[in-house]
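S.K.: Everything below, folded, please.
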Amino acid sequence: MRDSEAEIIKMEERLRKAQLTNNVEELDRLIADDLICTFIDGLLYTKQQDLDTHKSGTLKFEYITPLEQKIKILGETAVVNILMDMKGKSAESPIEGKVRYTRVWARDNDSWKIAVAHISLVK
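M.R.: Sure, this is the predicted structure:
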């Protein structure tokens, strides 16, 4: 495994733990300021909107369990496709089942940050 791939695996785990605990400070470090995120509802979210959902508790997870992960390193970017089993809520709507995340991580100075994310329910 190449160094960049190992780094991305660690970053994904940091992200998963931050999402589970609504650790807004850690999420702020992991997400690029100009994030483009398509959420499960199909709406686009900015970094601030994403952080606000965690800070307010609007988005809350009971568990997020990775089932499979594919990583493609493209120079200073990495594309991650990950299948997760999760349970939680968004607003008052339950989220339960499998979701697939596609994330683009970009190297920003000496760290990786999520630049683009897309989340889809798996039927």
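
S.K.: What helix or strand is the spatially most central residue of the chain located in?
M.R.: Geometric centre of the chain, nearest residue: L15, 6.1 Å, by Cα atoms, centre = their mean. Assigned by DSSP states H and E, L15 belongs to helix 3-21.

S.K.: pLDDT of that helix, averaged?
M.R.: Here helix 3-21 scores 95 as its mean pLDDT.

S.K.: which residues of this structure fall in helices?
M.R.: Along the chain, the segments classed as helices by DSSP state H run 3-21, 24-30, 47-56.

S.K.: what's the first one packed up against?
M.R.: It stands for helix 3-21. helix 24-30, strand 59-74, strand 77-90, strand 93-108, strand 111-121 (3 or more Cβ pairs under 8 Å, 6 or more residues apart in numbering; DSSP states H and E). For glycine as for every other residue, the C-beta is placed from the backbone atoms N, C-alpha and C.

S.K.: in the sheet, who's paired with the closest residue in space to L20 that isn't next to it in sequence?
M.R.: Sequence neighbours aside, F61 is the residue nearest to L20 in space, at 5.3 Å (criterion: Cβ to Cβ, 6 or more residues apart in numbering). On DSSP bridges, the residues paired with F61 through beta bridges are G88.

S.K.: got the contact list for F61?
M.R.: Q19, L20, M86, K87, G88, I95 (Cβ atoms under 8 Å, 6 or more residues apart in numbering).

S.K.: before we move on, the earlier item: can you say which of the helices of the chain is nearest to Q69?
M.R.: helix 3-21 (7.0 Å; Cβ to Cβ).

S.K.: which one is W112 nearest to, not counting chain neighbours?
M.R.: Nearest one to W112, counting by Cβ to Cβ, 6+ apart, is W105 at 4.5 Å.

S.K.: Surely that neighbour and A78 touch.
M.R.: Yes: contact criterion Cβ atoms under 8 Å: W105 and A78 qualify, at 4.4 Å.
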